[in-house]
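A.B. asks: Sequence and predicted structure below; questions after.
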Amino acid sequence: MFPGSNDERDTLYAIGDVLGHSVEPLWHGDATLKGVDAVVLPGGFSYGDYLRCGALARFAAVMEPLKRFVADGGPVLGICNGFQILCEAGLLPGALVKNRSLRFTCRRERIRVESTATAFSCLAVAGTSLEIPVKHGEGCYVASDSTLAELERERRVVFRYADGAPNGALHDIAGVANRAGNVVGLMPHPEHAVDPLLGSTDGQVLFRSAAKWLTTAERKAG
Amino acid sequence: MAYLARVYVTPKAAILDPAGKAVASSLKTLGYAEVDDVRLGKYVEVRFQADGPAAAETRVREMCQRLLANEVIEEFRFEVEADGQ
């Protein structure tokens, strides 16, 4: 959580109340990750989106232990503003700029699963679509041609908008992963799609995947 | 010595700039038919201390690379002058 995050409660609800895992809120000033197994950077408007979305959160104290956690293979998911922060921090390639329409977009989207080789998609089925809402003003994914080619070649585009990008994102990219697959960022909000009351439970698979990924990693290590 | 850096951050030419496009189209609506293109960026003033003009430039370039601009999507240029104020 950073000053200006606003989806942390939904994220805690999704992983804790709905899926039954124990959850621990981490604050931007924390010097450690308190021994957690996985980290989610929630959506919102960290530091008021000053300068650029996610640009200032990168310097928060908690980002230092987070970088070590990533280097050690720990699963990290960035949702919306969390995705922007991971890009600004250099933990994921590319950047997110203003929607091509110039409008804030808030609606349910169909997101196609493109890669299951990541910590947050290993239980999903490649080629199927998930119904997950988007709500952002700066979600247009951009990267250099060479970075895009590399992402496609290495199958690191994890999620793609199935019906065309609502924000102008290059290659209809909704989410990408780092090379090791332990860091994933996406603009859609899986934490808003975990309860039948809200119309879709398709977001659950991302969090369930992380639990599976952790048990597999443990087995490998053991 | 006190210096003043004027930093200009603009979207890279290859990056679509929808905000600039919107401003361009508004200018045309106002009757400025001669407008070909608008790029919308940021202007930043930094007042700081440095040992000399060369050191000042090095520091400002670093500030731009590390924070003021995101080189994935933006380019920057700057001017440094002695700050008389």
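C.D. replies: Sure, I can see it. Residues are numbered from 1 along each chain as shown, chains lettered A, B, ... in the order given.
A.B. asks: Which residue lies closest in space to whichever residue of chain B sits closest to chain A, excluding its sequence neighbours?
C.D. replies: Nearest to chain A, among the residues of chain B, is B:Val72, at 4.3 Å (Cβ to the nearest Cβ). In short, each C-beta sits where N, CA and C put it, glycine included. Closest residue to B:Val72 apart from its sequence neighbours, by Cβ to Cβ, 6 or more residues apart in numbering or on different chains: A:Ala95 at 4.3 Å.
A.B. asks: and that neighbour, what are its phi and psi?
C.D. replies: phi -160, psi 160 (degrees, to the nearest 10).
A.B. asks: Return the list of strands paired to the strand or helix carrying A:Lys135, each annotated with direction.
C.D. replies: Element membership of A:Lys135 [criterion: DSSP states H and E] is strand A:129-136. Take DSSP bridges as the rule and strand A:129-136 pairs in its sheet with strand A:105-113 (antiparallel).
A.B. asks: Flag every buried residue along the strand it pairs with.
C.D. replies: Buried residues in strand A:105-113, defined by neighbour count with 16 or more other Cβ atoms under 10 Å in any protein chain shown: A:Thr105, A:Arg108, A:Glu109, A:Arg110, A:Ile111, A:Arg112, A:Val113.
A.B. asks: what does stretch A:3-18 give?
C.D. replies: In stretch A:3-18, counting by 16+ other Cβ under 10 Å, buried: A:Gly4, A:Ser5, A:Asp7, A:Glu8, A:Asp10, A:Thr11, A:Leu12, A:Tyr13, A:Ala14, A:Ile15.
A.B. asks: mind checking the SS state of the fifth one?
C.D. replies: On the three-state scheme (DSSP: H, G, I helix; E, B strand; the rest coil), A:Asp10 is labelled helix.
A.B. asks: correct me, but it touches A:Ala193?
C.D. replies: No - contact criterion Cβ atoms under 8 Å: A:Asp10 and A:Ala193 do not qualify, at 10.1 Å.
A.B. asks: Tell me which stretches of the chain form helices.
C.D. replies: Going with chain A. Under the criterion DSSP state H, chain A contains helices at A:8-12, A:63-71, A:81-88, A:145-153, A:204-221.
A.B. asks: Wait, chain B was what I had in mind.
C.D. replies: According to DSSP H, the helices that chain B contains are B:18-29, B:53-63.
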